[in-house]
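In: what follows is a predicted protein model with its sequence.
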Amino acid sequence: MDEERAEHRLERERRTKLDALRQRGVEPYPWTFPGRVPAEEVASPLRTLPPGTEPGGPERSVAGRITSIREHGRTAFLDLEDFSGRIQLLARAEAMDGPGFDELLALLDLGDLVGATGTPLVSRRGEPSIRVRTVVLLAKAIHPPPEKYHGLQDPEARLRQRYVDLLASPEARARFRARSLLVREVRAFFDGAGFYEVETPILVPVASGAAAQPFTTHSNYLDSDLQLRIALELGLKRLLVGGFERVYELGHIFRNEDLDTTHSPEFTMVEAYWAYADYTDMRHLMEELYHRLALRIAEWLPGVPAAGQAPELFEPPFATVDFVDELERRSGLHDVLAMPREELFRRARAAGATVPEDSSTGTFLDKLFDHYVLPHLARPTFVMDHPSVTTPLAKRHRSRPGRVERFELFARGYELANAYTELNDPEEQELRFREQLSQRGEEGYAFDADFVAAMRYGMPPATGVGVGIDRALMALTGTASIKDTILFLPTRSKDGGGAAGEPRGPVA
RNA sequence: GGGCCCGUAGCUCAGCCCGGUAGAGCAGGCGGCUCUUAACCGCAAGGUCAGGGGUUCGAAUCCCCUCGGGCCCGCCA
């Protein structure tokens, strides 16, 4: 490949070292390294000791990547990083077994993975260290790592080669570790609340449950086109019909739209459905969920200021505002529900939204809300009881005409949850789907006839919620771009011809 | 889809306005150094200036096109 030519010089030098190792009978890619412990497990107790302390005790073994080498004559200091942290290796020429000091320094490069064994100590300058007796190569890095101080800065390279971003950046590792823990915590939360996790299909005959452009593919077996799901909602509600009373799913959904700071074509959603409960019950569940996540995030990312502020920010109870009242208060408009479509259109345009004239009144109201209210919702706030025109899957409000029982939770400018008391009247559901179909443009929900058929068998009264995992992570950690919360994102081919000339994420 | 900006050594960046033929640091090579941590000191090396075309005696630099990326707006949760 092209890249190899550009790197010829540096790679050739590393390959030469690889050959030298093999000639000496050293296996540069051994099978395992038994007995290693995380670097932090060795370093942590040393931090309480004064500089220059050698507590003695048994030898310890660590394994990880060499990220810095500071040679100092007959002494050398090497930094070893693993997933737990970092520890310094102190190598002295006369104290080493096996291949020895000179060979180690001659054949080792930054980026190599090694195992090291020796006794713990605190260096005279106070650095937790291991006085190494042996260092064994665990994997030779042929490709040099990025610059040791600045790391990988090129945003394009960080997306295309996330593995390099991760190996060069402890901060990136910490952020994605936090994501893993967040997902684990979300599952634990719903599991603990008696919800069953299920998996519904990604490939569906008709993608509905939201207003978005689907991806389309084709099944040879079925001899028909299929779509990738754009929401989890309708599959999970079928399970309510089937008798599941508390279900959730955490998985990827796909929307054929642009990739930008807050949107990704493939993202992660958790949706939960709870029979014999309503949106007030769900509101309390969401307060509990986000409070718990905020506490955990602060533990997982101790150095990140926005994460540290999360616990106090997400202290229940959250603020509650009425969709219409708040819109009217912020905009100075009056009686928006009674406004004719044309006036709503004018107001939306005046507010800077470039909406098509034939959009629904619900779209105009959403635009006005986004413009006048959304920027003010920094603290967690439930926005309640949306106009029914905006929401085809929610149940009409039990006492307020023209409204549905719905809330959206916003914080730091992001929507963090969207919940309804679910519509379970099949006749009304069919009607709402048909209204959507009659709406022009691409804003309508697709008609899922089988879903209506399912509802005719009787769907229990229920509440449901959707939480975007990526955006939840953004809001909880203060991350500015969704690209920093998703490990592997789709990127364009650089040669424009679709040939796999450049490394790009995990390709099979 | 519209606007603005970026792409120079493996990596991080200067150089571009105002055209004269490529610069630093890190990494790598060689030599020195027994507590360093962006270690340090010395020497030598390292380039398809994203790609293509144009203007010019001469283009990394000015103009056009293409590719890739970033930010803002639009669309979209």
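Out: In hand now; what should we look at?
In: and stretch A:466-482, end to end?
Out: Counting by Cα to Cα, to the nearest Å, you get 18 Å between the two ends of stretch A:466-482.
In: anything in it near RNA strand B?
Out: Yes. Stretch A:466-482 lies within reach of RNA strand B by Cβ under 7 Å from any atom of the strand, at A:468, A:481. In this view, the C-beta of every residue, glycine as well, is placed from N, C-alpha and C.
In: ditto for stretch A:13-26
Out: Yes. Using Cβ under 7 Å from any atom of the strand, stretch A:13-26 reaches RNA strand B at A:13, A:17.
In: can you list the buried residues in that stretch?
Out: Going by neighbour count (16 or more other Cβ atoms under 10 Å), the buried part of stretch A:13-26 is A:14, A:17-18, A:21, A:26.
In: just give me the neighbour total for the residue of the stretch 1-150 of chain A at minimum distance from RNA strand B.
Out: Nearest residue of the stretch 1-150 of chain A to RNA strand B, counting by Cβ to the nearest atom of the strand: residue A:73, 2.2 Å away. For residue A:73, the neighbour count with other Cβ atoms under 10 Å is 7.
In: likewise for residue A:264?
Out: Around residue A:264 there are 23 residues (other Cβ under 10 Å).
In: can you check the one 4 residues further on too?
Out: Neighbour count for residue A:268, taken as other Cβ under 10 Å: 21.
In: got it, and residue A:147?
Out: Neighbours of residue A:147 using other Cβ under 10 Å come to 10.
In: state the pLDDT value of the closest residue to residue A:398 other than its chain neighbours.
Out: Leaving aside its chain neighbours, residue A:398 sits nearest to residue A:405 (6.9 Å; criterion: Cβ to Cβ, 6 or more residues apart in numbering). pLDDT for residue A:405: 96.
In: try the one 3 residues further on
Out: Looking at residue A:408, its pLDDT reads 95.
In: kindly report the same for the one 3 residues further on.
Out: Listed pLDDT for residue A:411 reads 92.
In: before we move on, what about residue A:2?
Out: Looking at residue A:2, its pLDDT is 36.
In: how about residue A:358?
Out: So, for residue A:358, pLDDT stands at 75.
In: could you do residue A:494 as well?
Out: 69.
In: count the neighbours of the residue nearest to residue A:398 for me.
Out: Quick note: residue A:405 (other Cβ under 10 Å) scores 26 neighbours.
In: likewise residue A:225?
Out: 11.
In: if I look at residue A:73, how far off is residue A:101?
Out: From residue A:73 over to residue A:101 the distance is 11 Å, taken as Cβ to Cβ, to the nearest Å.
In: if you could redo that for residue A:62, that was the one I meant.
Out: Taken as Cβ to Cβ, the span from residue A:62 to residue A:101 is 18 Å.
In: ok, now residue A:404?
Out: Taking Cβ to Cβ, one finds residue A:404 at 73 Å from residue A:101.
In: between those two, which one's more packed in?
Out: Legend: neighbour count by other Cβ under 10 Å for residue A:404 and residue A:101, higher for residue A:404 (23 against 18).
In: residues in contact with residue A:229?
Out: A:200-204, A:207, A:209, A:214, A:235, A:253-254 (Cβ atoms under 8 Å, 6 or more residues apart in numbering).
In: same check on residue A:120?
Out: With Cβ under 8 Å, 6+ apart, residue A:120 has these contacts: A:42, A:45-46, A:54-55, A:57, A:60, A:128-131.
In: spell out which residues of the stretch 1-150 of chain A are next to RNA strand B.
Out: A:2, A:5-7, A:9-10, A:13, A:17, A:52, A:68-75, A:77, A:79, A:88, A:90, A:92-94, A:106, A:109-110, A:121, A:123-127, A:129, A:144, A:146-150.
In: so where's the stretch 51-200 of chain A uncertain?
Out: Where the stretch 51-200 of chain A drops to pLDDT under 70, the residues are A:98-99.
In: give me the number of residues near residue A:458?
Out: Neighbours of residue A:458 (other Cβ under 10 Å): 10.
In: hmm, it is touching residue A:242, no?
Out: No. In this structure, residue A:458 is not within contact of residue A:242 by Cβ atoms under 8 Å, at 10.6 Å.
In: need the contact list for the residue in chain A sticking out farthest from the centre.
Out: Relative to the centre of chain A, and counting by Cα atoms, centre = their mean, the farthest-placed residue is residue A:94 at 48.4 Å. Contact analysis of residue A:94 by Cβ under 8 Å, 6+ apart lists residue A:74.
In: and for residue A:218?
Out: Taking Cβ under 8 Å, 6+ apart, we find residue A:218 in contact with A:224-226.
In: same question for residue A:344.
Out: Contacts of residue A:344 (Cβ under 8 Å, 6+ apart): A:336, A:361, A:364-365, A:368.
In: that one falls within a helix, correct?
Out: Yes. With DSSP: H, G, I helix; E, B strand; the rest coil as the criterion, residue A:344 is part of a helix.
In: against residue A:363, how distant is it?
Out: 9 Å.
In: need the buried residues of stretch A:13-26 in CSV (columns: distance to residue A:274, secondary structure and pLDDT).
Out: Shown next, in CSV, are the buried residues of stretch A:13-26 (distance: Cβ to Cβ, whole Å; DSSP: H, G, I helix; E, B strand; the rest coil; pLDDT from 0 to 100):
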residue, distance to residue A:274, secondary structure, pLDDT
A:14, 57, helix, 94
A:17, 60, helix, 94
A:18, 58, helix, 94
A:21, 60, helix, 92
A:26, 60, coil, 90
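In: how about those in JSON lines, adding distance to residue A:169?
Out: Formatted as JSON lines, the buried residues of stretch A:13-26 follow (distance: Cβ to Cβ, whole Å):
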{"residue": "A:14", "distance to residue A:169": "22"}
{"residue": "A:17", "distance to residue A:169": "26"}
{"residue": "A:18", "distance to residue A:169": "26"}
{"residue": "A:21", "distance to residue A:169": "28"}
{"residue": "A:26", "distance to residue A:169": "30"}
